[in-house]
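Participant: what follows is a protein structure lacking sequence information:
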DNA sequence: AACAAGACCTGCATGC
DNA sequence: TGCATGCAGGTCTTGT
């Protein structure tokens, strides 16, 4: 599921319901996720109050009042669902948290590519999961210049570079395709050869598509849900992703076979060969 | 060092 | 209907 906009959508909903609340229960139901759940999960969470819910790249960071932070990643299929009247736990509900006001949080992940662990808040920047992450695209420091510096010397295709979390953090397959369309750059172009003007245009396109997707609640292809169960709807605004053979918005490429699907690094890439060069 | 490919796990759509 | 196949929003590991 989730790239930066989907994770940000989840973060906002969790923050609204959890910050300032005390955790009264914490149950680990199935522990073999991408990394094993902490054995002492309940002991470390029950009684703690949530102080903030942050995000770095695609990681959710749930800060607690004892100086610990819960790090969670949704993988491909993970969800965080909030309930007032919790349903009976299902096979893929791996962690269930309860708060003093009766809210329940279900961490559900069918494919178990996600993870949840607990770290020292003061050392988050040095945590193995977070230490190598690259530019945060919605932060002030993300500009054409910093993007150009991150891409300098890179021989791989720009599409692959955007998926590399050590370069720009939080972009996944959908938004890499959509941002390159917005910047009118071919996904096959060598990353290190983009000039300053095209890097500036790409940085703007990345921010633009991420902001628009967050406003739409993310994109729901199959797994993504907002924590209240609502679907995202940005998939209706995709220009190229999943649209092979169809015309792209505002171009007559349909006459020439439309949007093309290629494979780069074993991932599908969608682009308009007429508009993206 | 940088890069490409394979692995991880489950569910769903498609086609026979 | 049942079964096989391929594909999916991510990232870690391995090998070149």
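Facilitator: Yep, it's here. Just so it is clear, the model here is predicted, and its values are computed rather than measured. Numbers count the residues shown, from 1 in each chain, chains lettered A, B, ... in the order given.

Participant: do a quick rundown of the strands in the stretch 151-277 of chain A.
Facilitator: Along the stretch 151-277 of chain A, the segments classed as strands by DSSP state E, counting those that start in this stretch run A:260-264, A:267-271.

Participant: quickly check: the first one near DNA strand B or not.
Facilitator: By that I understand strand A:260-264. No. For a cut-off given as C-beta under 7 Å from any atom of the strand, strand A:260-264 has no contacts with DNA strand B; the smallest distance is 7.6 Å. Every residue, glycine included, has its C-beta placed from N, CA and C.

Participant: is that strand anywhere near DNA strand C?
Facilitator: No. Figure legend: strand A:260-264 not in contact with DNA strand C (C-beta under 7 Å from any atom of the strand); closest approach 7.7 Å.

Participant: which other helices and strands contact that strand?
Facilitator: Packing partners of strand A:260-264 (3 or more C-beta pairs under 8 Å, 6 or more residues apart in numbering; DSSP states H and E): strand A:267-271.

Participant: what pairs with the strand it packs on, parallel or antiparallel?
Facilitator: Counting by DSSP bridges, the strands paired with strand A:267-271 are strand A:260-264 (antiparallel).

Participant: contact partners of the strand it pairs with?
Facilitator: Contact with strand A:260-264 is made by A:157, A:159, A:160, A:187, A:188, A:244, A:268, A:269, A:270, A:271, A:272, A:273, as judged by C-beta atoms under 8 Å, 6 or more residues apart in numbering.

Participant: same thing but at 10 Å, please
Facilitator: Strand A:260-264 is contacted by residues A:156-160, A:163, A:173, A:176-177, A:187-188, A:240-245, A:248, A:253, A:268-274, A:276 when judged by C-beta atoms under 10 Å, 6 or more residues apart in numbering.

Participant: now do the same contact list for the residue of the stretch 101-250 of chain A found nearest DNA strand C.
Facilitator: Per C-beta to the nearest atom of the strand, residue A:172 is where the stretch 101-250 of chain A lies closest to DNA strand C, at 1.8 Å. Under the criterion of C-beta under 10 Å, 6+ apart, the contact list for residue A:172 reads A:1-7, A:58, A:76, A:162-163, A:165, A:267.
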